[in-house]
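Peer 1: Here is my input; please provide its structure:
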Amino acid sequence: MATDTQRSYIKDLSVQRLKEFKEFKEMLYANEIVEKDAEIVANADSIDAILDATTDLQASKMIEALLAKHVPVRSKTYSTTRSMKTIEGLDDLKEKIRSWNFNEL
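Peer 2: Model (predicted):
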């Protein structure tokens, strides 16, 4: 079973080096850390679910594979669409707040 230190390191590296959980599963298959027909990986909905069934050797291989990956470039700005949705949400919130009456407290 993977040690607590390995589990923590794998989770941290996964967040740093992968964009989504699907990539984690694909990495396990591509690096032959698990068999192609591994049901636990196929059915897992979290890294913890996979790590619960991971040996310490598999955990070491996961760490090696994650360290070999480059840190993805993450944009520090929001897209126009996302910005507009945020502004609309704030405008809706402001409109609700305007109707509040604090004199009744």
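Peer 1: Leaving out sequence neighbours, find the closest residue to residue 3.
Peer 2: When the adjacent residues along the chain are set aside, residue 3 lies closest to residue 56, with 6.2 Å between them (CB to CB, 6 or more residues apart in numbering). Heads up, the C-betas are built off the backbone N, CA and C, glycines and all.
Peer 1: Ignore what I typed, I meant residue 65.
Peer 2: residue 31 (4.6 Å).
Peer 1: Please determine how far that neighbour is located from residue 72.
Peer 2: 18 Å (CB to CB, to the nearest Å).
Peer 1: who's more crowded, the two?
Peer 2: Applying other CB atoms under 10 Å to residue 31 and residue 72 shows that residue 31 carries more neighbours, namely 14 against 10.
Peer 1: correct me, but the more buried one touches residue 58?
Peer 2: No - at 10.1 Å, residue 31 does not count as touching residue 58 under the criterion of CB atoms under 8 Å.
Peer 1: Contacts for the longest helix out of those in the chain next, please.
Peer 2: Scanning the chain for the helix with the most residues, using DSSP state H, yields helix 80-98. Outside helix 80-98, the residues that touch it by CB atoms under 8 Å, 6 or more residues apart in numbering are residue 78.
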